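1. Need coordinates for the following:
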Amino acid sequence: SGDYSGVAGFNGRGPSALDPDLSLDVFKERLKQRQGQIKNVLRNQTFIKGIGNAYADEILVYAGINPFRRRATLTEDEIEKLYESMRKVLTQIRDVLSGRSLDEIAIEKRDFMMVHNRGGGICPLCGGRVSEVKANRFKTNYCQTCQK
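-> Residues are numbered from 1 along each chain as shown. Below you'll find the predicted structure:
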């Protein structure tokens, strides 16, 4: 149970974002091996599994990191904040979803999210405007004021 190595598409995936064995040190080591924009790094399931487009937006706003920043530009403090934000945000989301009906989960009701799908709205952290950028099939929502 829990071993999906024989299932197509599951081989080569990284550890779960909430895996107790994913320590800050392990996270840093895995992150150092990655290149590119930090949001794309987070969404890459071979890095960490369980973070999709919406959750990456939420993690990055809590961490105060612009989604278009290159991974290589992050400071040690920002990496620690990113790790802490990832754990906090995903734990909060898990707790919210555990109280939802299957119908609510199936329609992807995401009223608990701070910035994702809230382009043009107000950032609840700083009162700034939430921006939305569309690229390919994905939207990125972020606050230009509190995400640097």
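2. Which residue lies nearest the spatial centre of the protein?
-> Centroid-nearest residue in the chain: residue 56, 2.3 Å away (criterion: C-alpha atoms, centre = their mean).
3. hang on, that one in a strand?
-> No. Membership of residue 56 in a strand is not supported by DSSP: H, G, I helix; E, B strand; the rest coil, which gives helix.
4. Please read off the pLDDT at it from the model.
-> pLDDT recorded at residue 56 is 98.
5. My read is that it contacts residue 37, right?
-> No. Applying C-beta atoms under 8 Å as the test, residue 56 and residue 37 come out as separate, 10.3 Å apart. C-beta: built from backbone N, CA, C; applies to glycine.
6. shared neighbours, the two?
-> Common neighbours of residue 56 and residue 37, counting by C-beta atoms under 8 Å, 6 or more residues apart in numbering, are residue 67.
7. the helices in the chain, which residues?
-> 24-32, 38-43, 53-63, 76-98, 102-106 (DSSP state H).
8. tell me the contacts of residue 141?
-> 57, 115-119, 130-132.
9. mind giving me TSV with the helices of the chain and columns for distance to residue 16?
-> TSV is the format used below for these (distance: least, C-beta to C-beta, whole Å):
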stretch	distance to residue 16
helix 24-32	12
helix 38-43	13
helix 53-63	12
helix 76-98	9
helix 102-106	18
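10. so which of those helices gets nearest residue 144?
-> helix 53-63 (11.0 Å; C-beta to C-beta).
11. how big is the angle separating the closest one from helix 76-98?
-> On the basis of axes from the mean of the first three to the mean of the last three C-alpha atoms, to 10 degrees, helix 53-63 is oriented at 130 degrees to helix 76-98.
12. Many thanks, I have nothing further to ask.
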